[in-house]
Each structure stands twice: as C-alpha cells, then as structure tokens.
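# This is a predicted model, with the sequence first.
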Amino acid sequence: MDFINIKHVNKVYKNGVTAIYDLSLKIKKGDFVFIIGGSGSGKSTLIKMLYREERPTSGEIMLGGLNVAKLRNSKVYKLRRKLGIVFQDYRLLPKLTVYENVAFALEVIGAKKDEIRVKTLKAIDLVGLKAKTRNYPTELSGGEQQRVAIARAIVNNPRLLICDEPTGNLDPDMSKEIVKVLETINKEIGTTIIMATHDREIVNEMKKHVIALKDGRLVKDYEKGTYDNEIV
Ligand code: ADP
C-alpha cells in the first residue's frame with residue numbers, strides 16, 4: 001500500500017498565487033524521495049502541506065491512513081507525532097547541549113526518563129555524534145548541528161522524515177555527510193524520507209526517487225532519477 005497518496009491537490013494562497021496545480025503522486029513506505037525544482041516551484045508548499053503547516057485548497061493528501069487535508073486542528077498533533085522535520089537552518093536551542101536538544105523532543109511528549117535516555121543516546125549515536133553529546137550547538141560545525149537536528153527529528157521513531165533543503169547552508173563535503181546519515185536512517189530503520197533540495201550533485205549520485213516540480217506542476221516522477229535530465 002502507498003504510504004503517501006496525493007490526489008489532485010491545488011494550493012492557492014490568500015494573495016491569489018497558485019503554488020501547486022493539480023498534483024497527484026504516490027510515495028511508498030521506506031522510499032527515499034528527492035523533491036527538486038527551481039526557486040518558487042512549490043517544493044516548500046508541498047512539504048508544508050504534508051505536515052499541515054498549510055492546507056490544500058482542494059484535493060486529498062493521505063498519509064499513513066490519515067487524511068491530512070481534512071484533519072482538524074485539534075488532531076494535527078497526531079500527524080506530527082508520525083513525522084520528523086528537518087529545516088535548512090537547524091533550529092537548535094542554543095542554551096541546551098546536544099543531548100538536551102535531542103531529549104527535549106521526547107520530554108515535550110511526556111516520555112519517561114529512562115526511555116528518554118536510551119532513545120536519545122541511540123539517536124545521537126546513529127548520526128555519529130557520540131563524542132559531542134555534552135557540547136553546545138555553538139561548539140559544532142554546521143554539518144554537526146544539522147546532524148543534531150536529524151537526531152532530534154528521528155528520536156521518537158517517526159515513520160516519515162521530512163527535510164526541507166537540509167544541506168542548503170552546508171559545503172559539498174558536509175552535504176554529502178548529511179545525506180549519508182539520511183541514507184543510513186532510511187536503510188537501517190526503514191524511515192521514509194522526503195528531501196527537498198537544489199543539490200544537483202547529491203541527487204545525481206544517489207539515484208533515488210526524484211519528483212520534479214516546475215511552476216507548481218509535477219514535471220517528472222522517476223523511480224531512480226537524476227537532476228541533470230530535468231527541465232527545471
Ligand atoms: P519553493 O520551495 O520551490 O521555492 P514555494 O513553495 O516556497 O517554492 O513557493 C511557491 C510559490 O508560492 C511562489 O510563487 C511563492 O512566492 C508562493 N508562496 C509561497 N508561500 C506563500 C505564502 N505564504 N503566501 C503567498 N504566496 C506564497
């Protein structure tokens with residue numbers, strides 16, 4: 001069964017801009033998907049609709065059995081618990097250590113202390129930051145900070161990890177490291193990963209599922225795609 005099924009989605013913002021036109025696509029459980037396209041092509045809008053930061057104007061978004069478009073505001077927390085989200089700018093809490101930043105995601109949902117400890121250390125280990133557990137974000141490189149953000153996003157074992165331009169602030173070497181970490185999570189835990197990106201080199205190297213948008217429309221949907229043969 002498809003984990004995500006998007007059917008005939010349109011998104012018109014209040015100012016009249018149509019950001020997404022009649023978009024339909026499917027994503028399988030355990031998939032690793034790149035969403036590519038130029039600036040303003042609708043990547044962020046699509047991602048925001050998946051975690052219900054924005055609602056589609058029409059159409060349906062099914063995600064793991066939840067109808068995201070129809071979900072009441074009071075039930076959005078149910079959706080968010082199934083998801084981890086990573087942003088371009090890391091969004092770490094500067095006064096908390098690596099451990100505390102990751103643990104915080106479990107504290108806010110009321111997890112028990114022992115569970116928090118075990119899961120937090122496991123997530124930090126998985127992203128390769130064991131040696132930095134007690135460091136503060138300012139003591140880390142950009143790539144390391146993004147790895148903390150990834151650990152925080154996966155600490156509660158979400159079924160879906162959404163990444164909006166996660167390598168946008170990083171140099172090519174660090175970007176590759178980040179994508180390797182994401183690939184490990186995808187392979188070892190089976191987490192479905194959706195990553196919006198401009199990074200040609202990474203998309204071409206990975207040969208993953210590529211969805212390309214242009215002016216809000218789906219222009220390519222390849223199982224094992226690259227960036228360079230796209231008209232975006
Ligand atoms: P991308 O992430 O590919 O750069 P976006 O989804 O951010 O694209 O934007 C798609 C289109 O929607 C653009 O024309 C952008 O200006 C417009 N847009 C994005 N967010 C808003 C908003 N909150 N209000 C109005 N228009 C928006």
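Yep, it's here.
# got the CA coordinates for the helix or strand of the chain with the lowest mean pLDDT in CSV?
Sorting the helices and strands of the chain by mean pLDDT, DSSP states H and E puts helix 76-82 at the bottom, at a mean of 89. Output of helix 76-82 as CSV, limited to C-alpha atoms (Å, rounded to 0.1, in the frame of the first residue of the first chain):
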residue,chain,number,x,y,z
VAL,A,76,-2.7,17.8,14.0
TYR,A,77,-0.5,16.6,16.9
LYS,A,78,-1.4,13.0,15.9
LEU,A,79,0.1,13.7,12.5
ARG,A,80,3.1,15.5,13.8
ARG,A,81,3.9,12.5,16.1
LYS,A,82,4.3,10.3,13.0
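# How many residues are close by Ile178?
Counted with other C-beta atoms under 10 Å, residues neighbouring Ile178 total 26. For glycine as for every other residue, the C-beta is placed from the backbone atoms N, C-alpha and C.
# Equivalent analysis for Leu66, please.
16.
# try Met49
For Met49, using other C-beta under 10 Å, the count is 25.
# Now it. Nearest residue, chain neighbours left out?
Nearest residue to Met49 in three dimensions, chain neighbours excluded: Pro56, at 5.6 Å (C-beta to C-beta, 6 or more residues apart in numbering).
# How many neighbouring residues does the one you found have?
Residue neighbour count, defined by other C-beta under 10 Å, stands at 22 for Pro56.
# Report the contact partners of the residue nearest to Arg147 when sequence neighbours are not counted.
Spatial nearest neighbour of Arg147, excluding adjacent residues (C-beta to C-beta, 6+ apart): Val127 at 4.1 Å. Applying C-beta atoms under 8 Å, 6 or more residues apart in numbering, we find Val127 in contact with 147-148, 150-151, 181.
# and what of Ala153?
Counting by C-beta under 8 Å, 6+ apart, Ala153 makes contact with 84-86, 105, 161.
# hang on, Ser141 packs against Met174?
Yes - the pair Ser141 / Met174 is scored as a contact, 6.9 Å apart, by C-beta atoms under 8 Å.
# Tell me which of these two has more neighbours.
More neighbours surround Met174 than the other of Ser141 and Met174, with 18 against 13 (other C-beta under 10 Å).
# Which residues are in contact with the residue lying closest to the more buried one once chain neighbours are set aside?
In this structure, Met174 finds its nearest non-sequential neighbour in Gly143, 3.3 Å apart by C-beta to C-beta, 6+ apart. Contacts for Gly143 (C-beta under 8 Å, 6+ apart) come out as 170, 173-175, 177-178.
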